[in-house]
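Peer 1: Sequence plus the predicted model coming up.
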Amino acid sequence: MARPVRFNVNPQNPKISDAIGFTDLPEGLEGEGFYATKFEKIVGLARKNSIWPLPFATSCCGIEFMATMGSHYDLARFGSERLGFTPRQCDLLMVMGTIAKKMAPIVKQVYLQMAEPRWVLAMGACASSGGIFDSYSVLQGIDQIIPVDVYIPGCPPRPEAVLDGVLRIQNLVHNESLRRRNSQHYKALLNSYDIQ
Amino acid sequence: MEITNQYIQERLSEKFGEEISFFLDPYEMLNIETPKVKNLKLMQFLFDDEILRFRFLTDICAVHYPDQKGRELAIVYHLHNLQDNVRIRYKVFTSIENPDIFTATGLYQSANWLERETYDFFGINFVGHPNLKRIQNVDEMDYFPMRKEYPMEDQTRIDKDDEMFGRGSSVL
Amino acid sequence: MSDLIFPNIKLPEGSIEKKTTTLNMGPTHPATHGVFQNILEMDGERLISSEQTIGYIHRAFEKIAERRPLYQITTLTDRLNYCSSPINNMGWHITCEKLLRVKIPKRVDYLRVIIMELARISDHLICNSIVGVDTGALSVFLYVMQYRELIYEIYEEICGSRLTTNIGRIGGFERNFNNIAFTKLEKFLKEYPGVLKEFEALLQRNRIFMERTIGAGPISAERALNYGFTGPNLRAAGVDYDVRVHTPYSSYEDFDFKIPVGKTGDCYDRFLVRNQEMWQSLSIIEQAYKKVQEFKGAEAEVFHADAPEYYLPPKQDVYTKMEALIWHFKIVMGETEIPVGEVYNCVEGANGELGFYLISDGGRTPYRLHFRRPCFIYYQAFNEITQGCMLSDAVVVLSSLNLIAGEMDA
C-alpha cells in the first residue's frame, strides 16, 4: 500500500546542476592572474571542508554515529572522511553519549590535548545536559567541564540531525576570525573552565 | 528423578534441620533462607550434591529494608541447575551495623564482580574476597548510594530549580 | 631470548634486564567499542595479565528505577544493550506481565517474536562486522550497515524510533503493525539471505581472518560455566543453554529452530555461532510472519491484551466514555493494584541471559529492580581468556566478546 504523499507530488528527474553545490567566492579584488582577499576567508573555506573529527563515543549515540558514517547517511561527503582517534590530530571533538562523573576527567584530558583551533560538538541529550539520567553519577552536560560550540538534541538524534550539527560547525569554522583564539574573550572563556 | 520444590525442601531440611526456612512465593519459585554464617555451607552442598547440582550462579544482589531492625540488608543469590532446569532463590539477611558475609568466589568465579558491585552499592563486606573495591562508582565515593536514605539526584547541583520538578519546599 | 633466534648477536654490556611493560588500553578506544579500561602487563608482545576497570558510564539505572512507575522503566531498559533494545524492552514487559499476571494473546506473542529476532540479527551484525573491522576488513562493516538501516526502518514504522525504541507496552504494543511495516519486513526477508551469504563468503573461509581468529582466546565449557557465561559466548564453548528453549517465553515453544554450538570457544567459534544464530533468527521470523498472517478478521486487529488496569485505553474512549476515563486516571496517577511480591524473569538477549529481578511493595514504583546483565558477568573472564596471547589477539577477543558498555555499567 503506498503511503499518501503530500509533498513532491509530481517528481521531476533530477538535473545535474541541482546536485552540484557552488560556493561563492569571498569578496575581494579580482584582476588578471590574481585575486586579493582576506586571509581568514580562504583559511575558513579550506578548513571547513576538511574537518577531522574525533568520535568520543560512549553509548547509544555512538551507534547512531556509526549509522551516520555508513553509506546511507554518509558523513564523509562533507569532508569528515578521516576519523582520528587521537586528539593530537583532530579538529573536532564529538562527544557522543552519556558522560559519567568517572569519565569527566578523561574528557577534559582529551580536550586539553587537542591543538588550537578546536571545536566541540555535544551530540545527544546526555552530552548536552545529562539527558534522562538525573542521577548522582552522571555529569549533567559536558559544558560543565569544557566549552561546547554546537549541541545536537535528541535521544539519540537522527542521522540527519547529526549532519545538521556538523554543518553548523562548518559554518562556525568558515566564519571564524583568525584572531579569535588569542582574543581576551576566548581567554576569559577558557579561564572560566580552569583551562590555561 | 523429578526435582520439585517439595523434593528440594525435603533434602535441605534433612541436611540442615532447624537453621533453614522456606517460602514458596506465588510465582512458584522456592525461596530459601538461612543464617548468614551458613551461606557457604549451603551453596557448597547444593553444588556438590549429585541430584541437586546447582552449579550455575545466575545473580547476586542485595536489597535494603530500613524498617526491619537487625535484618536490614538482604543478599539474594539466584542459583540455577542447568541440566534439570530448576531455579531457586537463596537469601541471607544481615544487620547494617556489621554487614559481613563469606564470599562465594571460591565456588563460583562469577561471584567476583557481582560481590564487588554489591559492596559498591550497599556496603556489604564480603569476607575473603580477593579484591573488594568499588567497581561502578568513583573510587573516592564515601557513601553507598543504593541504600534507601540516599537520594537519586546529585545533591551538589546549584543550577536546577527544584520547584519546577515538584521537589521544592512548597510541595509535600 | 634473542640469543636463541639470532645466536650471533650479542647484547651489549649493561643492557636492561627483561621486565614487563604496563600498557593502558584506556577508556577511549578507537572504533567505538565502549568505555572500559584494561591495564595490561605485557612481556614484549605477549600478555601476562590484565586488570579491568569499568564504571565509566555508570548511570545508576537501578536507583533511577526505584523512582519511576513500571511503564516508564521501559525507556531505561532501552539503554542497556542499545544495539538490540527491543529485546530488553520485551524482556521488561514480560517481567511486568508475570508480576501482574496479565495473559497475552497469541498474535501479540508472535509479533513480539518478530521484533526480538530482528533485534538479535541487528546486534549480531554489529558484533561480527566489528570483529571484521578489528582484523582489518572494513568494507564488510559498511556493506552490512545498509541492512541494519532496513531493520531500523521497520522499527520506525512500528514505534517511531530507530535505536532506543521503547517498543511495546505492558500488555502488548502501542499500535497495530501497519501494511507498510509488513511490506518492509517482506523486503528484508527477501533480500537479507543473499547479504548474509555474501557476508559469510567474505569472511568465513578467508585465510587471513581464520588465522587471526582461530585459537584466539579459547575457553573451556567448565570454566565458562563457572564464570557465568551465557549466550553465544557459552554456546561457542560447547554448552547448549538458550533461555528460549529452556524456559520458553512469548510462545517460543511454537517455533522450530536449532541452537548452534561450537567446540573450543575461541573467536572463530563465536563468530560462527553468531552467524548461524542469524540464520536461525531469519527462519524464526519467517515462521512467525506466516503465523501472524493466519489470523484473519477481528483477530487480526488484536495487538494488546485485554488488561484495562495496566494498558492505557485509546484516547477517543478516554474523552467519551466514563470507564475509560477512570482507567486512564488510575493508571497515570498510580492507583492501580500492583501485587506485592518478587519475580525474577529472564530472556535470551543478544549477549546471553538478561534477567530482571523485580521486588514490588504494592506501590507505583518498584521497591528494588536489579538487572542481571550478561556482559558484566562475562567480562571478568577476559583476564583468564587472554593469558599468553599476543596483543592483537587480545584486541580481537575484546571485540568478539561483544561487550556493550551500557549493559556492563548500567
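Peer 2: Yes, it's here.
Peer 1: which residues does residue A:112 contact?
Peer 2: With contacts defined as C-beta atoms under 8 Å, 6 or more residues apart in numbering or on different chains, the neighbours of residue A:112 are residue A:195. Bear in mind the C-beta positions are built from the backbone N, C-alpha and C, glycine included.
Peer 1: Going by secondary structure, it is in what exactly?
Peer 2: Residue A:112 belongs to helix A:104-113 when elements are defined using DSSP states H and E.
Peer 1: buried set for that helix?
Peer 2: Of the residues in helix A:104-113, those scored as buried under the neighbour-count criterion (16 or more other C-beta atoms under 10 Å in any protein chain shown) are A:104, A:106-108, A:110-111.
Peer 1: Chain A versus residue B:41, what's the distance?
Peer 2: When distance is defined by C-beta to the nearest C-beta, to the nearest Å, residue B:41 is 37 Å away from chain A.
Peer 1: That residue belongs to a strand?
Peer 2: No. Secondary structure of residue B:41 (DSSP: H, G, I helix; E, B strand; the rest coil): helix, not part of a strand.
Peer 1: Could you count how many residues lie near the nearest residue to residue A:85 once chain neighbours are set aside?
Peer 2: Spatially, and ignoring its direct neighbours in sequence, residue A:85 is nearest to residue C:30 (3.9 Å; C-beta to C-beta, 6 or more residues apart in numbering or on different chains). Using other C-beta atoms under 10 Å in any protein chain shown, residue C:30 is surrounded by 13 other residues.
Peer 1: Tell me the backbone dihedrals of whatever residue of chain B ends up closest to chain C, please.
Peer 2: Among the residues of chain B, residue B:110 lies closest to chain C, at 2.9 Å counting by C-beta to the nearest C-beta. Backbone dihedrals for residue B:110, given as degrees, to the nearest 10, come out at phi -70, psi -20.
Peer 1: Surely it is in contact with residue C:225?
Peer 2: No. When contacts are counted by C-beta atoms under 8 Å, residue B:110 is not listed as touching residue C:225 (9.1 Å).
Peer 1: of the two, who's got more company?
Peer 2: Neighbour tally, residue B:110 and residue C:225, criterion other C-beta under 10 Å: the higher count belongs to residue B:110, 25 against 21.
Peer 1: List the residues that contact the closest residue in space to the more buried one that isn't next to it in sequence.
Peer 2: Using C-beta to C-beta, 6+ apart and skipping residues adjacent in sequence, the residue nearest residue B:110 is residue C:228, 2.9 Å away. Contact criterion C-beta under 8 Å, 6+ apart gives B:56-58, B:108-110, C:377-378 as the residues in contact with residue C:228.
Peer 1: let's see it at 7 Å
Peer 2: Shown in contact with residue C:228 (C-beta atoms under 7 Å, 6 or more residues apart in numbering or on different chains): B:57, B:110, C:377-378.
Peer 1: Same question for residue C:162.
Peer 2: With contacts defined as C-beta under 7 Å, 6+ apart, the neighbours of residue C:162 are C:152, C:155-156.
Peer 1: likewise residue C:20?
Peer 2: For residue C:20, the contact set (C-beta under 7 Å, 6+ apart) comprises C:41-43, C:48.
Peer 1: Could you report the distance from the spatially most central residue of chain B to residue B:113?
Peer 2: Per C-alpha atoms, centre = their mean, the C-alpha nearest to the average position across chain B is that of residue B:75, at 2.2 Å. As judged by C-beta to C-beta, to the nearest Å, residue B:75 and residue B:113 stand 15 Å apart.
Peer 1: can you check residue C:239 too?
Peer 2: In this structure, residue C:239 and residue B:113 are 21 Å apart, going by C-beta to C-beta.
Peer 1: Of the two, which one has the most company?
Peer 2: Each of residue C:239 and residue B:113 has its neighbours counted (other C-beta under 10 Å); residue B:113 has more, 24 against 20.
Peer 1: which residue packs closest to the more buried one, ignoring adjacent ones?
Peer 2: With C-beta to C-beta, 6+ apart as the criterion, residue B:113 has its nearest non-adjacent residue at 5.0 Å, and that residue is residue C:380.
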